[in-house]
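# generate coordinates for the sequence data below:
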Amino acid sequence: MKLLDGRELAGYIKERHAKAVRGLRQAWQIQPKLAIIVTKEDSVIDKYVSLKEKYAADILVDVEVYRIKQVMLSEILDEIKKDKSIHGVIVQLPLDDVSQTEQLLNIIPPSKDVDGLGNQASYDSATATAISWLLTGYNVELEGKQIVVNGNGRLVGAPLAKMWQGSGLNVKVLDSKSFNPELIKQADVIVSATGRPGIITEDIVAHGAIVVDAGTASESGKIVGDVNDNVYARDDLTITPKIGGVGPLTIAALFENVITAARGTKGRLDEEL
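Numbering: from 1, shown residues only. Next comes the predicted model:
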């Protein structure tokens, strides 16, 4: 078994980010800042917020966390729109009322939509970028492979499929209604992002396949993925570890976008001089 461990790659990226932020602070007096909006109490959300806060502290990016009711979200986003000190904003999903997700995300100005989830976002999805970084970092060639993306959600599946299909790759997308074990079994590359614990079992994974677990859910107080434990008993796969696969690189990709947004501020300063 070969593990696709995102932690080592994220460590190298973090060093580059720290250097970039120091440059912005020292040369241009620009302090990159991220706003994180949390609208529900959830152990998985809280875990990811704390990881983002730690990464930000390590590279000297400011983070402000807003813990509010969903009914206040539109008002807060309107305020953040006008705040020039905030370079990026993310809304931790899912919302309690998921029917409002698209409407509310599209309030975020495209230049501050560092999660890349709005319809007009200036940035690619952080998680989709992370998965591409991970496979590139381990020299996984996708050209000519049969790829299945299991899950068509806004956070991972939909933007990843769009990114890869736009690059001419052979990608089939499944969702809860079209889940097809036989189709998965034919895939050279499987990316699963459904949030349904253990849905990818060893009997539907082809010999020598590449498996990326990008699903997260809370089960008995623990964060678990889409890949069943029995898959990890096999030694013929290239696979993300249970902890430290896509997650660390997703955070790195998010802050890549925050730093890029802050650099855009430099451009606006130049225009004003």
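# who touches the worst-scoring helix or strand of the chain on mean pLDDT?
Across the helices and strands of the chain, mean confidence by mean pLDDT, DSSP states H and E is lowest for strand 217-219: a mean of 76. Residues from elsewhere that reach strand 217-219, judged by CB atoms under 8 Å, 6 or more residues apart in numbering: 42-44, 195-197, 223-225. Every C-beta, even on glycine, is put in place using the N, C-alpha and C of the backbone.
# look up how far residue 146 lies from residue 80.
According to CB to CB, to the nearest Å, residue 80 stands 42 Å off from residue 146.
# neighbour count winner among the two?
Ranked by neighbour count (other CB atoms under 10 Å), residue 80 and residue 146 place residue 80 first, with 20 against 16.
# average pLDDT for the stretch of helix or strand that one belongs to?
For residue 80, the host element (DSSP states H and E) is helix 73-82. Mean pLDDT, computed over helix 73-82, is 95.
# need the next SSE after that helix, C-terminal direction.
With DSSP H and E, the next secondary element past helix 73-82 is strand 88-91.
# strand partners (parallel or antiparallel) of that next one?
Here strand 88-91 has these sheet partners by DSSP bridges: strand 33-38 (parallel).
# and the strand it pairs with with helix 73-82, angle?
180 degrees (axes from the mean of the first three to the mean of the last three CA atoms, to 10 degrees).
# so what touches the helix holding residue 80?
Contacts for helix 73-82 (CB under 8 Å, 6+ apart): 35, 37, 39, 66, 68, 86, 89, 91, 95, 104, 107-109, 112.
# in it, what's buried?
73, 76-77, 80 (16 or more other CB atoms under 10 Å).
# what does residue 213 show for phi and psi?
Backbone torsions for residue 213, taken as degrees, to the nearest 10, come to phi -100, psi 110.
# can you give me the neighbour number for it?
Residues near residue 213, counting by other CB under 10 Å: 24.
# from what I can see it touches residue 192, true?
Yes: contact criterion CB atoms under 8 Å: residue 213 and residue 192 qualify, at 5.9 Å.
# low-confidence ranges, the stretch 101-250 of the chain, go.
221 (pLDDT under 70).
# could you pull out the strands in it for me?
146-150, 170-174, 189-192, 210-213, 217-219, 222-224, 238-239 (DSSP state E, counting those that start in this stretch).
# quick check, central residue of the protein?
For the chain, residue 127 is the residue whose C-alpha lies nearest the centre (CA atoms, centre = their mean; 2.2 Å).
# for the chain, longest helix please?
Criterion DSSP state H: the longest helix present in the chain is helix 246-272.
# just the buried residues of that one, please?
For helix 246-272, by 16+ other CB under 10 Å, it's 246-263, 265.
# relative to strand 33-38, how tilted is it?
130 degrees.
# run the chain-centre distance for helix 246-272.
From the chain centre to the centre of helix 246-272 is a distance of 15 Å (CA atoms, centre = their mean, to the nearest Å).
# again with stretch 66-73
Between the centre of stretch 66-73 and the centre of its chain there are 22 Å (CA atoms, centre = their mean).
# ends of it, how far apart?
Criterion CA to CA, to the nearest Å; first-to-last residue distance in stretch 66-73 is 10 Å.
# and stretch 112-129, how far out from the chain middle?
Per CA atoms, centre = their mean, the centroid offset for stretch 112-129 relative to its chain is 9 Å.
# and the contacts of that stretch?
Against stretch 112-129 from outside (CB under 8 Å, 6+ apart): 34, 80-81, 86-91, 93, 102, 105-106, 108, 110-111, 154-156, 159-160, 163, 193, 214, 246, 249-251, 253-254, 256-258, 260-261.
# that one: which residues count as buried?
112-118, 121-129.
# out of the residues you listed, flag the one nearest to residue 188.
Set against residue 188, the nearest of these by CB to CB is residue 128 (18.8 Å).
# roughly how far does the closest one sit from residue 246?
10 Å.
# measure the nearest residue to residue 229 once chain neighbours are set aside to residue 177 for me?
Spatially, and ignoring its direct neighbours in sequence, residue 229 is nearest to residue 198 (7.3 Å; CB to CB, 6 or more residues apart in numbering). According to CB to CB, residue 198 and residue 177 sit 19 Å apart.
# having no further points to raise, I will conclude here.
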